[in-house]
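[1] structure for this input, please:
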Amino acid sequence: MNYQDTEVYRYLIYLQKYLLGDLELFHEIAKDAEKKEKALSEQAENSGCLRVFTGGTNPSTTNTVITTTQYPYSFEFIFGAPVISRSTVPNSAALFAIIDLLGFLTRTGNDYGSTSENFTTFFSHSSTTLPEYQLPVLINVYRHGIAHNYLPKLNVLVSYHSSNPDDKLFFKDNGGRLVLNVNRMERLVVDRLDEIIRDNSLYTNMDNQLGKMVRDYQRKSAASITDLLASL
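    Here you go, the predicted model:
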């Protein structure tokens, strides 16, 4: 069978289209946020107001706004620095979901819910490899924090910003706090998804893995969906 005739190929193609479309919207939100940040900084500077803190994403720039998504008890919130939403958390959640899925599809085994195994597989590929000590932080602090608490755990930060480095998944802000660089994570996910779609050798296993996942979904939820539809 041609790999382009498989169910998993069709699934991944639609997934890619939706992802790229959503990321495009995300980028527009982020650009708008940076314009607002710049306007607020210029307004504060022109009015002579004292700058409250040094911005988290660009060591060469001092800002009066929060340019990263932070835990709500950080001192910036206490001093009233403006928060400009930039859709960083929901888009990080989307990228984490795709890492989870691609990791499962490209490994073997039945437990699609094993996030640690899925992430480990995704980041074991040559184009996505991470230092071993970074993966537990990405999974336990960032992925689990955002999935279950909306924000990352332990007062660490997550950022999408034009000044973020292109080559680092993590960096430190001016205060020495850990920042997850969504710019870099996005590039890793988008590029790896494209690689997987183009790799003919993966499709026999991926189609099998997708089938396992769908059958388990059906076993657990199909009857409930039928009952719900009948009640509407």
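[2] residues contacting Lys212?
    Shown in contact with Lys212 (CB atoms under 8 Å, 6 or more residues apart in numbering): Asn110, Tyr112. All C-beta spots, glycine's among them, are computed from the backbone N, C-alpha and C.
[3] which element is it on?
    Assigned by DSSP states H and E, Lys212 belongs to helix 203-231.
[4] that helix: how far from the chain's middle?
    When C-alpha coordinates are averaged (CA atoms, centre = their mean, to the nearest Å), helix 203-231 and its chain have centres 25 Å apart.
[5] pull out the buried residues from that helix.
    Tyr203, Met206, Asp207, Gln209, Leu210 (16 or more other CB atoms under 10 Å).
[6] now render these as a markdown table, adding pLDDT and distance to Asn155.
    Output for these, formatted as a markdown table (pLDDT from 0 to 100; distance: CB to CB, whole Å):
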| residue | pLDDT | distance to Asn155 |
| --- | --- | --- |
| Tyr203 | 96 | 43 |
| Met206 | 97 | 38 |
| Asp207 | 95 | 43 |
| Gln209 | 96 | 37 |
| Leu210 | 96 | 38 |
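[7] let me know the closest of those to Leu193.
    Met206 (12.1 Å; CB to CB).
[8] roughly how far apart are the closest one and Val8?
    5 Å (CB to CB, to the nearest Å).
[9] what do the two both touch?
    Contacts common to Met206 and Val8, judged by CB under 8 Å, 6+ apart, are Leu105.
[10] so in this protein, which helix runs the longest?
    helix 7-47 (DSSP state H).
[11] who are the packing partners of that helix?
    helix 88-105, helix 182-198, helix 203-231 (3 or more CB pairs under 8 Å, 6 or more residues apart in numbering; DSSP states H and E).
[12] looking at the buried residues of helix 203-231, which is nearest Asp111?
    Looking across those and measuring by CB to CB, the closest to Asp111 is Gln209, at 10.9 Å.
[13] now the closest one: closest residue in space, sequence neighbours ignored.
    The shortest distance from Gln209 to any non-neighbouring residue, by CB to CB, 6 or more residues apart in numbering, is to Leu105 (4.9 Å).
[14] and the nearest residue to Ser87 once chain neighbours are set aside, what does it touch?
    Nearest residue to Ser87, sequence neighbours excluded (CB to CB, 6+ apart): Ile29, at 4.6 Å. Residues in contact with Ile29 (CB under 8 Å, 6+ apart) are Ser85, Arg86, Ser87.
[15] appreciated, that's everything.
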